[in-house]
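> Structure here, sequence nowhere to be found:
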Ligand SMILES: [Mn+2]
């Protein structure tokens, strides 16, 4: 670990120790990584310090069903004090991602953040940003370096962020540290399978119906290199699908042979379009998402668009085409016995 990294971790501990009132804020419309990281840190602080007031924030209309086990013991978005000594941001490349809770971050006497996005704007006083699988992994590395005892139930939260942000390590970012954390969990006998089964082998029939609709909507462009799926309000009604059940459906697009960029356009009632993107073989979908006000990682990104989608179509297709041209050649028959690798 570099000297700079060690210093920021020590400063992080100091920040926590000298603060009584702490706000842990993750991005709006939270995902598993965002929620698991705020809950995990809250539990660790509570276990090690008795005098802290810790509030959790993440702007959302209502908590999706799938996230309820994460927040089983904690409240979300209840401000119990007027001001905070310390605000810590999670899983957010910019502080605008905090939505209405950006104000709490701005008003706090001191700030820190933990994140894993390449495009992070380093907006806090203390920025702990590593390019790795998930924010929960960064948090684990920080807690471990500080010699906090991390119980197995907290390891399960860490693992939940890691597997969901990488779709079971098939996309997103993997690092040497990712494998080391998994090794720790293996040695500690963390029940990883129960977390994996909950997030990935737990689809309801309504989700299957929604998936059917998405598969039916597939349209291919650029010789099959780009696939676009769409879901609208009627699809959700027909499938009797709950909010959040669209998650993961995008992977069916990128899992398709020959597809190097997959997109899903989701339009629900008067809400803006939600566009989720995946790529493989080096196509950079984060650059495309960024062009439309979103962001993410090279092979997984998203943006929202408020308006007529036809307006952005020419630009969107142009950018996709550009990234498809940049893709590495697909090895196909040479994946195991490639002359260049001998
Ligand atoms: Mn994340």
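Noted; the coordinates are in hand. Just so you know, these numbers come straight off a predicted model, no measurement behind them.
> mind listing what residue 319 touches?
Contacts for residue 319 (CB atoms under 8 Å, 6 or more residues apart in numbering) come out as 287, 288, 291. In short, each C-beta sits where N, CA and C put it, glycine included.
> any low-confidence regions in the protein?
Filtered on pLDDT under 70, the chain yields the residue ranges 329-332, 342.
> ok, back up a step: restricted to buried residues, select the contacts of residue 319 in ChimeraX.
Only the buried entries of those go into this ChimeraX selection, using 16 or more other CB atoms under 10 Å:
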select :287,288
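> neighbours around the closest residue to residue 321 other than its chain neighbours, how many?
Take residue 321 and drop its neighbours on the chain: the residue closest to it by CB to CB, 6 or more residues apart in numbering is residue 222, 5.9 Å away. Residue 222: 15 surrounding residues under other CB atoms under 10 Å.
> do residue 104 as well
For residue 104, using other CB under 10 Å, the count is 17.
> got the contact list for it?
Shown in contact with residue 104 (CB under 8 Å, 6+ apart): 23, 25, 57, 79, 84, 87, 98.
> By neighbour count, which of those wins?
Greatest neighbour count in these, by other CB under 10 Å, goes to residue 25: 31 neighbours.
> so how far is residue 122 from that residue?
16 Å (CB to CB, to the nearest Å).
> Turn the contacts of residue 319 into CSV, columns for distance to the ion and secondary structure.
Listed next are these as CSV, based on distance: CB to the ion, whole Å; DSSP: H, G, I helix; E, B strand; the rest coil:
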residue, distance to the ion, secondary structure
287, 18, helix
288, 19, helix
291, 21, helix
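> tell me the contacts of the residue nearest to residue 321?
Residue 222 neighbours (CB under 8 Å, 6+ apart): 320, 321, 324.
> at 10 Å instead, please
Contacts for residue 222 (CB atoms under 10 Å, 6 or more residues apart in numbering) come out as 259, 260, 261, 317, 320, 321, 324, 325.
> re the thing from before, reformat the contacts of residue 319 as CSV; add distance to residue 253.
Shown next, in CSV, are the contacts of residue 319 (distance: CB to CB, whole Å):
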residue, distance to residue 253
287, 18
288, 14
291, 20
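> Residue 250: which of the contacts of residue 319 is nearest?
Checking those against residue 250 by CB to CB gives residue 288 as the nearest, at 13.9 Å.
> Three-state assignment for the nearest residue to that closest one once chain neighbours are set aside, please.
Spatial nearest neighbour of residue 288, chain neighbours left out: residue 319 (4.6 Å); criterion: CB to CB, 6+ apart. Look at residue 319: counting by DSSP: H, G, I helix; E, B strand; the rest coil, its state is helix.
> Same question for residue 336.
Here residue 336 is recorded as coil under three-state DSSP.
> quick one: it from residue 107, how far?
Taking CB to CB, one finds residue 336 at 57 Å from residue 107.
> Tell me how far residue 36 lies from residue 336.
Distance of residue 36 to residue 336, given as CB to CB: 36 Å.
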